[in-house]
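> attaching a predicted model along with its sequence, questions to come.
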Amino acid sequence: MDKFDLIRQWAAERGLYQKGDTKTQVIKLYEETGELSQAILKGDKEGFIDAIGDAVVVLTNLAHLGGVSIEHCIEHAYNEISNRTGNIINGTFVKDENNN
């Protein structure tokens, strides 16, 4: 069983899939990304790690509640970016205009 399966098992055992929904999970994701922002601004490495992990858990559950798997979402995103070209501008990758 991989980590995503363990996350889904944990969530199912706690009733998240029966009582939760995509709206509550996206709000939880906003909370976790807010914590990530705070950790970055404070230079808090442990908080950074914790917030990213928590966001992955929430995204795993959000995907499940939306009827897809996190693995499918990751594969889809990778397939979209795998052949992209572009440049780093001000620390951010900016795709070329002829890319999708």
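It's in.
> so where do the helices sit in this protein?
In the chain, the helices defined using DSSP state H lie at 3-13, 16-19, 22-42, 45-65, 70-81.
> any low-confidence regions in this structure?
99-100 (pLDDT under 70).
> ranking the helices of the chain by burial, who's on top?
Each of those was scored by mean neighbour count; the highest is helix 45-65, a mean of 17, by mean count of other C-beta atoms under 10 Å. C-beta: built from backbone N, CA, C; applies to glycine.
> that helix packs against which elements?
Judged by 3 or more C-beta pairs under 8 Å, 6 or more residues apart in numbering; DSSP states H and E, the packing partners of helix 45-65 are helix 3-13, helix 16-19, helix 22-42, helix 70-81.
> export those helices as JSON lines, with columns for distance to residue 89.
Putting these into JSON lines (distance: least, C-beta to C-beta, whole Å) gives the following:
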{"stretch": "helix 3-13", "distance to residue 89": "33"}
{"stretch": "helix 16-19", "distance to residue 89": "39"}
{"stretch": "helix 22-42", "distance to residue 89": "20"}
{"stretch": "helix 70-81", "distance to residue 89": "17"}
